[in-house]
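Participant: The following comprises the amino acid sequence and a computationally predicted model.
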Amino acid sequence: MNSKAVIKQWTYQFPILNSIIIYSLFGGLSIYLSTRTPGLDIWYASMAFGLLLSQHSYLHWSKYCVAILGANILLYLNVAPLSLHLVTSSVVHVFEAIIIAVLMKQATSKKSNHQSIFAFTVVLFNVLLLPALLGAIVKAVLGLNFTTQALLTVLTGTFLSSIVGAISVFPIGYYLYTSKQSDWVKHDVSITGVIALIAFTAVVNIFALIYMPYPYAYTSLALVLSTLFMPFSGVALNILINSIVSVLFVSFGIVTLMPGKQSELLFLLPMLFTYLTPILLAITINKYKLAHNKFTSANDTIQRMYDYTPVAMLSIDNKGIINAVSEQWLSLLGYPREAVVGRRAIDFLTPASRDYATNYVLPEFFKLGKVERIRYQMHHYDGHIIDVELTSVMEPESLRRGKYFNSLAVIKDVTTEITLTKRLAQERELLETTLMSIGDGVVATDVNGLTRFVNPIAESLLGVRASEALNKPAEHYIHLIDRHDSTRLPCPIRQVLDSREMYTFEQDAILVSKSGVQYSIQDKTTPIVTSKGELQGVVMVFQDVTELVASNDRMAYLAQHDALTGLPNRTLALDRLYQACSKHARVPQKFAVAFVDVDNFKHINDSFGHDCGDVVLQTLGKKLNTILRSSDTAARLGGDEFLLLLHDVTDRQAISQIYEKLNKAVSAPIIVNKQSVSVSISIGVCVFPDDGIEPDVLLKRADEAMYQAKSHGRNRLSFYSQTTIKNALEHVQLTELLSENNLYSQDMFAITPLIRAVDHNIQGVVIEYDCSRVMPEFKGVDVFALARQQAVFAQISKQWFEGVTHILSRLPIHGVRDIVVRIHDEQVLSDEFYHGVKLSIEELNIHPSKLVLSFQESVLCHGSKPVVDAISRLKALGLRLDVSEFGVHSISLDFLNVLPLDSVTIGRGLTSQMEAEQHNETLTYSLVKLAKSLKLTCCAMTVSTSYQATLLEAMGCDHLLGDYFYKTMDIEQLNVLVDTPQNVMLVSSNQ
């Protein structure tokens, strides 16, 4: 039940009885305690009765006072016989209660006294001091006849007894009778928390009274601390309980008063100030929280008013971030609130308006503190653009301090207004053309094209006098050429006469005067038509815009070129790339797109400074321009990234040669401020149309290739390939993906019979490692290169050997002649692979001459000496060696001739396309003849038709393999196929 209900029930249903009960409880407690400790008399009852009495009408006070007087006498009769002194004391107590009730009525008639510290203090001291003082005086005067004590002693004792008891009861009573007012702030603390805090204070009070000197210092501290966390009602109850506890401990002798005549004074006076402090603190806290709540409520109200103001309004903080917008603003632009608040205000402007705001409006705004009727264009949420007019003002306080904190802006939709204005301007321009043109060169003709008027400016630009031009066709003296290609342009006057429509040149025409001087002009030629639609003639108005065109050309150059290096910038580079793609889509021709990135450029900036970095970029730009052909493009994309467009490239070797030249030039140290700076570059290349035909695709793939070059150690050239795409698998540990599969399972190897071309009998088999047969996610992935990157090459190579050994151990003992293993580039140059081959030959007891290791021609691109050494080392084991994909790369014949090779396998792309493309057939024939001239056995792959098999046999190929003869098979199928002993050729393919 809440406090209001308690007051109503106990005060109005049983008023006199309840008053007697409450008075008797407090009075009986005071009398009992005083009998145990003579001289220590704390009187609680007067304040309790006074608070009760103040709630009733003056008309009923008499019966309450008589009832309480009788109750008081009865209480005293329990400890003393009836006497005049007893009656006098009872009368004094009732007298104090009446004064308290009168003062309380006056105080409570003024609402919310506790909202003001001063007002509450006045009420507190009036209710505490005045009744206690008057009661003490009356009791002291009337008691002179009944006691031998001095007047001052009686006065002081009675005063302190009353005021300490009053201050203990007053807070709880005051709260109960004012709790119906809404200005008592509610706390978040629970009832359990209040009880715990009261208990804590009581424990501190008891401990301090028993064991500590100056106990009220600790009690006061505990009361103040608990006040910080409790509502006023809890503080009031806490004071009452601690007051009673203190007196109880003295009354029962647990705490002893200080010896001396003034012991009671020294006990009661500190109690008074101990309880006064938390009361005032509690009122202060209540006032602060009440003010805070009012402020929060007012702020919410203002925010609602702001949100629903009938104008499109927004607030911007000192960083240009929107912190509030009205509903009208959101409705105008169509955005949800969460998509607006927290974003920059200029983000909603179009690029042109954003530049205008940044360069012109904002500086003016910071200077003046306001801007008015600024025209912007803004993006609507659905994508269309609206025209607005903005007025903004800075906070007055911010303006006074000279600092920009917050601003308020209002926008108005002027889209319709601007549209109408533009239309009116266009109509006005048509009507005023003749009058406005007088300040420019003007030529007017009749309907036949004969000159009727030439003004002085036209005379100057044309190089003819008006008298010379009159009555002559305009074509005789108006000579125009195109400013881009110098081709002759038709006379605009003749054009208008023929079409009866306005004709213009927008700075693309050059007027050649009679003396040969050229002027860039801007021309508007208009038919002169009557109100009836009859053609009367033509007026040509033109202006000399030579300087403007030159300025525009310069601006266009600056807009399309990098300010630091002078190279084309991203915009121009992309435009040229799009043009190249469009051109070569119509006329098929290859060109290369290369991404160039300076290695460790951040380190150069950090170590030598940004000025040094700028010099490096400028030097690199100059070297790019020097090395590349005039038909190529070198552009700076930004930072340390450059883009190269290399036209008319036929193969990777040509690109590699350009890279070598560039790398050689770049590797030369750059001297900056007497410091030598070494620079290297990484280049990624893709080729049109092999790697893509769309500009975005080419850019993406060149970028991927460049990062591939960086991931392989920087300072190198990398071509885009399908492997580049699959390098996304670098983020997955190869060993984790392969751990769930048996790498050397026979299912990982594809076996293809090798056929003799002359009789189509089986010569051997081709065993090709392909882990995608078991793990499709590895389709097209270079497993060995990926293993090298992830530092698990040795582990993968070991498992590969185990797989090969497993297959070889199950081959037919008889029936195959040649065993050819296709190996990866990484394996050719690997020491681990060499030792693995040597060990496998010994363990399997296979004669080395039966084994042929085949590697792709691309391995020969790694350089002559390392390759020759690695191949010679393998050859020394007694193996035969084969080069697969022969003819795909451009390899020096001299280099090929010094290698200890036994056979070559022609690239699958050549043989598979012989029927479709004649030049492939010719090239294949040339490669077969080249192999024969080098005394090498020749094999052809991917034979799929009878025509291919017959043609390759006629060319002189020794061995064939492909789907025309047999598809790939497993070891069980091979054992069934092979019936008679033959040699087997084992070839392990590059993945």
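Facilitator: Nice, thanks for sending it over. Nothing here was measured: the structure is a model prediction, and the numbers come from that model.

Participant: surely residue 749 meets residue 810?
Facilitator: No. Shown here, residue 749 and residue 810 do not form a contact pair, counting by CB atoms under 8 Å, at 10.6 Å. No exception for glycine: its C-beta is placed from N, CA and C like everyone else's.

Participant: Pick out whichever of the two has more residues nearby.
Facilitator: For residue 749 versus residue 810, neighbours defined as other CB atoms under 10 Å are more numerous around residue 749 (22 against 13).

Participant: Just the pLDDT for that one.
Facilitator: We have a pLDDT of 78 for residue 749.

Participant: ok, residue 104 - contacts?
Facilitator: The contact partners of residue 104, by CB atoms under 8 Å, 6 or more residues apart in numbering, come to 50, 51, 54, 127, 177.

Participant: which element is it on?
Facilitator: Using DSSP states H and E, residue 104 sits in helix 84-108.

Participant: Same check on residue 279?
Facilitator: Using DSSP H and E, residue 279 falls in helix 263-307.

Participant: elements contacting that helix?
Facilitator: Helix 263-307 makes packing contacts with helix 117-142, helix 151-178, helix 215-227, helix 232-251, strand 322-325 when contacts are defined by 3 or more CB pairs under 8 Å, 6 or more residues apart in numbering; DSSP states H and E.

Participant: of all those, which lies closest to residue 381?
Facilitator: strand 322-325 (12.7 Å; CB to CB).

Participant: Could you point out the helix or strand that follows the closest one?
Facilitator: helix 327-333.

Participant: the longest strand in the protein is where?
Facilitator: In the chain, taking DSSP state E as the definition, the longest strand is strand 518-529.

Participant: can you pull the buried residues of that strand?
Facilitator: Buried residues in strand 518-529, counted by 16 or more other CB atoms under 10 Å: 519, 520, 521, 522, 523, 524, 525, 526, 527, 528.

Participant: again, but for stretch 627-640
Facilitator: 627, 628, 632, 633, 634, 635, 636, 637, 640.

Participant: quick one: which of those sit in strands?
Facilitator: 633, 634, 635, 636, 637.

Participant: Assign a three-state SS to the residue nearest to the second one when sequence neighbours are not counted, would you?
Facilitator: Spelled out, it's residue 634. Leaving aside its chain neighbours, residue 634 sits nearest to residue 624 (3.8 Å; criterion: CB to CB, 6 or more residues apart in numbering). Here residue 624 is recorded as helix under DSSP: H, G, I helix; E, B strand; the rest coil.

Participant: Would you confirm that residue 624 contacts residue 567?
Facilitator: Yes. Using CB under 8 Å, residue 624 is in contact with residue 567, at 7.1 Å.

Participant: shared neighbours, the two?
Facilitator: Listed as contacting both residue 624 and residue 567 by CB under 8 Å, 6+ apart are 634, 642.

Participant: hang on, the earlier thing: I'd like the next helix or strand past the helix holding residue 279.
Facilitator: strand 312-316.

Participant: Sheet partners, orientation included, of that next one?
Facilitator: Next to strand 312-316 in the sheet, as set by DSSP bridges, lie strand 322-325 (antiparallel), strand 407-413 (antiparallel).

Participant: May I see these organised as TSV, with mean pLDDT, mean neighbour count and distance to residue 335 added?
Facilitator: Output for the strands paired with strand 312-316, formatted as TSV (pLDDT from 0 to 100; neighbours: other CB atoms under 10 Å; distance: least, CB to CB, whole Å):
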stretch	mean pLDDT	mean neighbour count	distance to residue 335
strand 322-325	88	18	8
strand 407-413	88	19	13
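
Participant: Quick one: neighbours of residue 971, just the number.
Facilitator: Residue 971: 19 neighbours (other CB under 10 Å).

Participant: list the contacts for it?
Facilitator: 746, 751, 807, 810, 811.

Participant: mind redoing it with 10 Å?
Facilitator: By CB atoms under 10 Å, 6 or more residues apart in numbering, the residues touching residue 971 are 746-747, 749, 751, 765, 767, 806-812.

Participant: Helix or strand with the lowest mean pLDDT in this protein?
Facilitator: Within the chain, confidence by mean pLDDT, DSSP states H and E is lowest for strand 983 among all helices and strands, at a mean of 38.

Participant: And the furthest pair within the buried residues of strand 518-529?
Facilitator: Of all pairs in the buried residues of strand 518-529, the most separated under CB to CB is 520 and 528 at 26.2 Å.

Participant: picking that back up, which of the contacts of residue 104 sits closest to residue 208?
Facilitator: Distances from residue 208 to the contacts of residue 104, taken by CB to CB, are shortest for residue 127, at 28.4 Å.

Participant: pretty sure that closest one is touching residue 177, no?
Facilitator: No. Using CB atoms under 10 Å, residue 127 makes no contact with residue 177, being 11.9 Å away.
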